[in-house]
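**Q** Got a predicted model here, sequence first, then my questions.
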Amino acid sequence: MGVTSYSDEYTSTIPPVRLFKALIVDSHNLIPKLMPLAIKSIEITGDGGAGSIRQINFAEGSQVKHIKNRIDELDDENFSFKYSLIEGDGMMDKLEKITYEVKFESTADGGSKNKMTSTYYSKGDLELTEEEVKAGKEKALAMYKVVEGYLLENPDAYAS
């Protein structure tokens, strides 16, 4: 099994608590509303904490019908989230799993620095192409930007 990790970092003028609540804690409600052409629904099995399963159902016409993520850790105090892609995605024939670690940190200007590390566990000697990894990163960044835009336009959303 091959293991490959990639890390990205983004900055935002939005405080970490608001991004964490919108992108992580309440994503099952917010994301389908903001991106109905891409995401039909997000269903949670469990209490939403560690061990819960989050199934993302994609809109009609999508190449992938759904994916399932297992929540490995959800830390509301430190704004960190760890989860594993365990089912779905078109790359699962090449992968055992993908793990993600997301962390939102405060910056001096009241905004946030957001780090994401993705670790791909490939089956056997199979290797992911740079294009496959880039496509996944672009989808994640697009969702991040949509939520960030919503929070900028709605300064009271997820403020408490």
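**A** Yes, it's here. Predicted model, so just to flag it, every value in this text is computed and none were measured. Residues are numbered from 1 along each chain as shown.
**Q** going forward, measure contacts and count neighbours with C-alpha atoms only.
**A** Will do.
**Q** Residue ranges in this protein under the pLDDT threshold?
**A** By pLDDT under 70, the low-scoring segments of the chain are 1, 89-92.
**Q** how far away is the most far-flung residue of it relative to its centre from Glu96?
**A** Distance from the C-alpha centroid of the chain, by CA atoms, centre = their mean, peaks at Asp125 (26.6 Å). Distance, Asp125 to Glu96, by CA to CA, to the nearest Å: 12 Å.
**Q** got it, and Thr119?
**A** For Thr119, the distance to Glu96 - CA to CA - is 11 Å.
**Q** Which strand or helix spans Asp109?
**A** Secondary structure assignment for Asp109, by DSSP states H and E: no helix or strand.
**Q** no wait, Val3
**A** Val3 belongs to strand 2-12, assigned by DSSP H and E.
**Q** Any buried residues in that strand, and which?
**A** Ser12 (16 or more other CA atoms under 10 Å).
**Q** The residue farthest from the centre of the chain in helix, strand or coil?
**A** Following DSSP: H, G, I helix; E, B strand; the rest coil, we place Asp125 in the coil state.
**Q** Could you measure from the residue most central in space within the chain over to Asp8?
**A** Centroid-nearest residue in the chain: Ala140, 6.1 Å away (criterion: CA atoms, centre = their mean). Distance from Ala140 to Asp8, counting by CA to CA: 11 Å.
**Q** Can you show me the helices along this structure?
**A** For the chain, helices defined by DSSP state H occupy the ranges 16-20, 27-34, 130-153.
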